[in-house]
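Student: need coordinates for the below:
(one chain, ligands or ions: 1)
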Amino acid sequence: MTADIIDGKAFAATVRARVAARVAELGDNEMVPGLAVILVGDDPASQVYVRNKRKQTIEAGMRSEEVRLGADTSESELLQHIARLNADPTIHGILVQLPLPPQIDTLRVLDAVDPAKDVDGFHVTNVGRLATGQAAMVPCTPLGCLMLLKDRLGSLAGREAVVVGRSNIVGKPMAQLLLRENCTVTVAHSRTRDLAEVCRRAEILVAAVGQPRLVKGDWIRPGATVIDVGINRIEEDGKSRLVGDVDFASAIEVAGAITPVPGGVGPMTIACLLANTLTAYCRLHDVPELAGAA
Ligand SMILES: Nc1nc(=O)c2c([nH]1)NC[C@@H]1CN(c3ccc(C(=O)N[C@@H](CCC(=O)O)C(=O)O)cc3)C=[N+]21
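Tutor: Predicted structure coming up:
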């Protein structure tokens, strides 16, 4: 059997189109949803990513503001920018690009963002709301993964899900979302005993560990749906290429469906960022939200 390849790039385009259509419906309102992205330092990968976000934000009919700060920016200077954006009524979403330079306390910065504008869903208030089943801003990458899973599988209730990785950005919120969908959820990580055996239980396997090709075909239950969150740049045959956390070549022989890298989860992350910005706007202005988003 050869797995179906889940086209995240195409699905992300449909999500962005739905966001754009809803933004257009907001109508004569002179105030459109606005997203601010703060980038500290000059990491080249981050620059590319921020540029894509800006382009797609504008294509969706929203306003984009970019704040670029030097790598030596102090924590208090960054906090001042956040305070200004929190108070700015034209800004509905604020994203602080991670990772931040070492002189800055990341958790302190994330908790300075107004939870209502926290389109990354990283503020403790949103983390707590998600964990307790309240309306929350949900982190973009796990939200994108969930959309792909529901599109493929319909109801997820009762399914065995294994999340490999326990980061605050992907693994933990992914587990919360799958629980919310009534999956039986296992969170595995670097200290898990017999990781391969645990993965083989999964009808839904989400790999988010940041280790190139860690998950092999023989770790996968036949017919499972495999979501590969990893985006690892490696050197191979003298060339630089992107690979996931799943060994695609062996996995495709066993899985029922699998996301590719690139073209899988990555584009969904940006689409969900736009969806979250629209959601933040709708909640703030008390107008109906986009169905199927957060
Ligand atoms: N506060 C914060 N929120 C984030 O969501 C966040 C962040 N910081 N820091 C960096 C990571 C990384 N990230 C990506 C999103 C999309 C692609 C993406 O669209 N990738 C394309 C390929 C891109 C390429 O070719 O290089 C794909 O997978 O098809 C990649 C990476 C979001 N991040």
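Student: alpha carbons only for contacts and neighbour counts from here, please
Tutor: OK.
Student: enumerate the residues of the stretch 101-250 of the chain near the ligand.
Tutor: Asp120 (C-alpha under 6 Å from any ligand atom).
Student: distance of the closest residue to Ala188 other than its chain neighbours relative to the ligand?
Tutor: Nearest residue to Ala188 in three dimensions, chain neighbours excluded: Val164, at 4.7 Å (C-alpha to C-alpha, 6 or more residues apart in numbering). According to C-alpha to the nearest ligand atom, to the nearest Å, Val164 and the ligand sit 18 Å apart.
Student: show me where the protein has helices.
Tutor: 8-25, 44-59, 75-87, 106-110, 124-131, 140-153, 171-180, 195-199, 248-251, 265-285 (DSSP state H).
Student: please name the residues that touch Gly263.
Tutor: 7-9 (C-alpha atoms under 8 Å, 6 or more residues apart in numbering).
Student: can you check Leu146 too?
Tutor: Neighbours of Leu146 in contact, by C-alpha under 8 Å, 6+ apart: 174, 177-178.
Student: ranking these by neighbours, who comes first?
Tutor: Ranked by neighbour count (other C-alpha atoms under 10 Å), the contacts of Leu146 have Met174 at the top, with 29 neighbours.
Student: looking at it, that residue is touching Ala161, isn't it?
Tutor: No: Met174 is not in contact with Ala161 according to C-alpha atoms under 8 Å; the separation is 10.2 Å.
Student: grab the nearest non-local neighbour of Leu242.
Tutor: Nearest one to Leu242, counting by C-alpha to C-alpha, 6+ apart, is Arg233 at 4.6 Å.
Student: pretty sure the one you found contacts Asp245?
Tutor: No: the criterion here is C-alpha under 8 Å, and Arg233 misses it with Asp245 at 10.9 Å.
Student: so Val138 touches Gly128, yeah?
Tutor: No: assessed by C-alpha under 8 Å, Val138 is found out of contact with Gly128, at 10.8 Å.
Student: give me the more crowded residue out of the two.
Tutor: The neighbour comparison of Val138 against Gly128 (other C-alpha under 10 Å) goes to Val138, with 27 against 13.
Student: for the nearest residue to the more buried one once chain neighbours are set aside, give me the pLDDT.
Tutor: Spatial nearest neighbour of Val138, excluding adjacent residues (C-alpha to C-alpha, 6+ apart): Gly121 at 4.8 Å. With respect to pLDDT, Gly121 has a value of 98.
Student: show me the contacts for the residue nearest to Arg283 when sequence neighbours are not counted.
Tutor: Of all residues not flanking Arg283 in the chain, Glu289 sits nearest, at 7.3 Å (C-alpha to C-alpha, 6+ apart). Contacts of Glu289 were listed using C-alpha under 8 Å, 6+ apart, and they are 278-279, 282-283.
Student: from these, keep the buried residues only.
Tutor: 278-279, 282 (16 or more other C-alpha atoms under 10 Å).
Student: redo those residues as TSV? Include pLDDT and distance to Pro115.
Tutor: Shown next, in TSV, are the buried ones among the contacts of Glu289 (pLDDT from 0 to 100; distance: C-alpha to C-alpha, whole Å):
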residue	pLDDT	distance to Pro115
Leu278	97	15
Thr279	97	13
Cys282	95	14
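Student: how long is stretch 145-161 end to end?
Tutor: Stretch 145-161 has its terminal residues 13 Å apart, counting by C-alpha to C-alpha, to the nearest Å.
Student: got the buried residues for that stretch?
Tutor: 145-149, 156, 159-161.
Student: over to stretch 41-48?
Tutor: Buried-residue list, stretch 41-48, by 16+ other C-alpha under 10 Å: 41, 46.
Student: tell me who's in contact with Gly144.
Tutor: Counted by C-alpha under 8 Å, 6+ apart, Gly144 has contacts 265, 268-269, 271-272.
Student: how about 7 Å then?
Tutor: Counting by C-alpha atoms under 7 Å, 6 or more residues apart in numbering, Gly144 touches 265, 268-269, 272.
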